[in-house]
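**Student:** Requesting a structural model of the entry that follows:
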Amino acid sequence: MNLNHQLTTSKGDSYCLEAMRTREHSTPTKKPTSPKPENAITIAVSSRVLFSMDVEQQIFEQKGMEEYLKYQIDHETELFKPGPAFSFIKALEAVNAQLRDLYPDSEELFDVVLMTNNHAHVGVRLINSINHYKLFIERFCMTGGNSPIGYLKAYHTNLYLSADSMKVREAIEEGIAAATMFSSEKVTQVSETQLRVAFDGDAVLFSDESERIYKTQGLDKFFEHEKAHENKPLDHGPLKGFLEVLGKLQRKFYAKGHRMDCPIRTYLVTARSAASSGSRALKTLRAWGLETDEALFLAGAPKGPMLAKIKPHIFFDDQMFHIEGAAELGTVAAHVPYGIAQKLPPKKMKDAKETDSPSK
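**Tutor:** Numbering: from 1, shown residues only. This next block holds a predicted model:
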């Protein structure tokens, strides 16, 4: 996996592009219109997770900004290869197509915004690649090294995906659902007609309240705490809002008789055990008026093999050993840097699998 930080520049300028296209790679004239940001489910993605830019990042790190920009301009007719978020974005567009068929006048749609701190000179190559792959991405924000947080808020962003863990942390601190994505050599082929999203429980959908008990007081106290608080909903975690908007769209399909063939499917994949601590997780979702289509309580078993069966477009977890274990088996996983696990030293893969937390 590529754990390099997102490109940052010393430039202070910002540059946003709206519906920018080049003549050489123009798209068909009949295209859907972009929904208003206040009505849409906005997904902001950085250029380094939408596309693979490892070579360009290496040039920046080794030779500096000017050589990086020169390389991008010299190669702007060369297409970027798909990055870790590419299949997820394609799946969002497939859902949109079905929503437009069922609700032609509705603006409750996914709206993808390319949110990158790249310099505007890189825009032409990005646009060429987006047009080539027939992605419907009309909104660009190229911030020239500035923080994207202000733009994320202006677009009412529901989810921000980036290769820069610091920017992801900043977004979460501002109340924006966000996760860090990584390049992976092995990627499983996923559905082109159904969006599949898998979530960890504690410190992702839920707060890290229970995880703190486990980390500070041990397993027995954790079980006691969960039993005593079984009927008390957990507080929300950073990705609760994203599950909420997915559920809202699902109900639109249900209303048209598409529950069994809904193009959105959600999963809870947690290391909690069902008998000792599963009830509180399920009752919390019920109290919120939410649900997942499937719930997997793994009782500390590795998540990778189960995720390999699910084949989600994206899996959210707050612990890197789960991210790495999923990626080894071809699942695109995104790290949510939130909660007590971020303050503890990382576990090695072997040890992590043997002493996994029951509350994840």
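**Student:** For residue 160, give me its contacts.
**Tutor:** Taking Cβ atoms under 8 Å, 6 or more residues apart in numbering, we find residue 160 in contact with 44, 45, 115, 148, 152, 167, 168, 171, 176, 177, 178, 179. Where C-beta positions appear, they are placed from N, C-alpha and C, glycine not excepted.
**Student:** Three-state assignment for it, please.
**Tutor:** Taken by DSSP: H, G, I helix; E, B strand; the rest coil, the conformation at residue 160 corresponds to strand.
**Student:** Also residue 96?
**Tutor:** helix.
**Student:** From residue 158, how far out is the closest residue to it other than its chain neighbours?
**Tutor:** Setting aside the residues directly before and after it, residue 96 is nearest to residue 109 in space (Cβ to Cβ, 6 or more residues apart in numbering), at 5.0 Å. Using Cβ to Cβ, to the nearest Å, one gets 12 Å for the distance from residue 109 to residue 158.
**Student:** what does residue 205 give?
**Tutor:** Using Cβ to Cβ, residue 205 is found at 14 Å from residue 158.
**Student:** more neighbours, these two?
**Tutor:** Between residue 205 and residue 158, counting by other Cβ atoms under 10 Å, residue 205 is the more crowded of the two (28 against 20).
**Student:** In the stretch 251-360 of the chain, where is pLDDT below threshold?
**Tutor:** Using pLDDT under 70 as the threshold, the predicted model of the stretch 251-360 of the chain has low-confidence ranges 344-360.
**Student:** what about 90?
**Tutor:** Low-confidence segments of the stretch 251-360 of the chain, defined by pLDDT under 90, span residues 273, 275-277, 300, 339-360.
**Student:** Let me see the ranges of the strands in it.
**Tutor:** For the stretch 251-360 of the chain, the strands defined by DSSP state E, counting those that start in this stretch occupy 264-270, 294-297, 314-317, 333-335.
**Student:** Can you add distance to residue 101 and give those strands back as TSV?
**Tutor:** Converted to TSV, the strands of the stretch 251-360 of the chain look like this (distance: least, Cβ to Cβ, whole Å):
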stretch	distance to residue 101
strand 264-270	15
strand 294-297	26
strand 314-317	24
strand 333-335	29
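**Student:** Make a markdown table out of those and add mean neighbour count.
**Tutor:** Listed next are the strands of the stretch 251-360 of the chain as a markdown table, based on neighbours: other Cβ atoms under 10 Å:
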| stretch | mean neighbour count |
| --- | --- |
| strand 264-270 | 22 |
| strand 294-297 | 18 |
| strand 314-317 | 26 |
| strand 333-335 | 26 |
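**Student:** out of these, which comes closest to residue 121?
**Tutor:** If you check each of the strands of the stretch 251-360 of the chain against residue 121 by Cβ to Cβ, strand 333-335 wins as the nearest, at 28.4 Å.
**Student:** Partner strands of the closest one and their direction?
**Tutor:** When pairing is defined by DSSP bridges, strand 333-335 lines up against strand 178-181 (antiparallel), strand 314-317 (parallel).
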